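Participant: fold the following, please.
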Amino acid sequence: TCFPLDEDTSYGGHGSHVAGIMGGAGNNGVVGMNWQTTILPVRWVKNANDAHPTSVLSAALRWLVKAKQEGVNIRVVNDSDVFEGTAPATELQNAIELLGANGILFVTAAGNSSANNDEEGIKRYPCKYDLPTEICVTASTNKDALAGFANYGPKTVDLAAPGQSIYSTFRENNYGYLSGGSMASPQVAGAAALILSAQTLHHESLFSPEQLKTDIVNNVDKLESLKGKVISGGRLDVCKAMPGCTEPEEPLTFGKTNVGASKDTFAANRKRVNRYALPTAGAVSKLSVYLEPTGTKGGQVIEGVIYADTGSGPGALLAVSGQITFKTTETAGWRELVFSSPVKLAAGNYWIGAITGASGGVSGIRYDSVTGSRDYNTNIYTSGPSNPFVGEKITTDAEQTSLYATYIP
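Facilitator: Numbering: from 1, shown residues only. This is a model prediction of the structure:
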């Protein structure tokens, strides 16, 4: 009747939750696998407790095939429902095979009864069909373990995906957590659509459903916790499976990353920097400084600065971070001074530090004594840090401040 809206009351919107996992737009409550995608909802069961015969699911899948044949660009179908302990339904198997023949990948859940789907007495369908155009997904935890409720099967379940305590959309503009294979399956369905979109972006020939399944299942993260539990022995890894995606390098640091034993405060309208070596070329995303309250009331504005090295001291100004305000009421800890875009630096020596506003003594700092490690001088904050490092008399002292840079090589 073309009324596909989610009316589930058992979970507050099971279909809406699945849809958010596949296509939540980002910066809008949740982040889905695809920030820009089209979802065609086909409702074949109204509530979790309703009767849902395989014949109705088969009819729904055939309706999708008809839509594809009439020009709708359907490439992936997600079905989060399962049938427990039933005999195989030839009608449903044929419908899934018909999807594949029309260029549509079918992704389904393994079930939530902590059972082995390989066993004849269990038989969770559609997972049990194990078709070349079908992916069966079980649920993993945020610790990369098999969820306690999750079904498994080293011969019938292809891989795991996050499925425990997943935050997503509900009906009527609500959000919340659900757990289950129902949440894991759309992780994979969404990833499949994302892979196809990446191929389109790179002007590559799109995977067939069989190729798409192989690409996803063969590019998992192998995990000991899933060895012997699923065919692939691993958990979904979208980047490995997606054309043009490279794993980001782990961020590194240079500077003083420990909390110094000695205490001082940040004086007003002053810039101060310490010299450190960057061992390899890298892009600096932020500085981090350890701050603690002093008892002086108010707020002190702070910006991070990076200066070039002249060989005898700080030289040209290279970058200034965004501003933070440290207040009397705040607790001690590291604060981030983030650059609006990464600062690309060659390997070499640099002076990193901070410039502070007109309120003085609000921010306590930590340091260790290292002879000649710091240069500082007066610099009116509202004028911005001088370029190069000039102004009133430059003073050198032994305060190696607890402040460091984070960079990607």
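Participant: longest strand of this protein?
Facilitator: What stands out as the longest strand in the chain, according to DSSP state E, is strand 363-378.
Participant: list the helices and strands that strand packs on?
Facilitator: strand 262-265, strand 270-278, strand 282-293, strand 348-356, strand 395-401 (3 or more C-beta pairs under 8 Å, 6 or more residues apart in numbering; DSSP states H and E). To be clear about C-beta, it is placed using only N, CA and C from the backbone, and glycine gets the same treatment.
Participant: can you list the strands that the second one pairs with?
Facilitator: It refers to strand 270-278. Paired with strand 270-278 in the same sheet, following DSSP bridges, are strand 348-356 (antiparallel), strand 363-378 (antiparallel).
Participant: re earlier: pLDDT of the longest strand of the chain, averaged?
Facilitator: The predicted model gives strand 363-378 an average pLDDT of 97.
Participant: show me which positions of that strand end up buried.
Facilitator: Using 16 or more other C-beta atoms under 10 Å as the test for burial, strand 363-378 gives Ser363, Gly364, Ile365, Arg366, Tyr367, Asp368, Ser373, Arg374, Asp375, Tyr376, Asn377.
Participant: closest one to Ser225 out of the residues you listed, please.
Facilitator: Here the nearest of those to Ser225, counting by C-beta to C-beta, is Arg366; it sits at 40.3 Å.
Participant: list the contacts for the closest one?
Facilitator: By C-beta atoms under 8 Å, 6 or more residues apart in numbering, the contact list for Arg366 reads Val259, Gly260, Ala261, Ser262, Lys263, Asp264, Tyr290, Glu292, Thr401, Ser402.
Participant: with Ile355 instead?
Facilitator: Listed by C-beta under 8 Å, 6+ apart, the contact set of Ile355 reads Arg270, Lys271, Ile302, Glu303, Val305, Val320, Asn379, Tyr381, Gly384, Pro385.
Participant: now the helix or strand hosting the third one against strand 282-293, angle please.
Facilitator: In this structure, Ile302 sits in strand 299-309 according to DSSP states H and E. Using axes from the mean of the first three to the mean of the last three C-alpha atoms, to 10 degrees, the interaxial angle of strand 299-309 with respect to strand 282-293 works out to 150 degrees.
Participant: and the next element down the chain from strand 299-309?
Facilitator: Elements were assigned by DSSP H and E; along the chain past strand 299-309, the next helix or strand is strand 314-327.
Participant: run through the neighbouring helices and strands of that following strand.
Facilitator: The contact analysis (3+ C-beta pairs under 8 Å, 6+ apart) places strand 314-327 against strand 282-293, strand 299-309, strand 333-345, strand 348-356.
Participant: would you format the ones you listed as JSON lines with mean pLDDT included?
Facilitator: Written out in JSON lines, the entries for those read as follows (pLDDT from 0 to 100):
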{"stretch": "strand 282-293", "mean pLDDT": "97"}
{"stretch": "strand 299-309", "mean pLDDT": "97"}
{"stretch": "strand 333-345", "mean pLDDT": "96"}
{"stretch": "strand 348-356", "mean pLDDT": "98"}
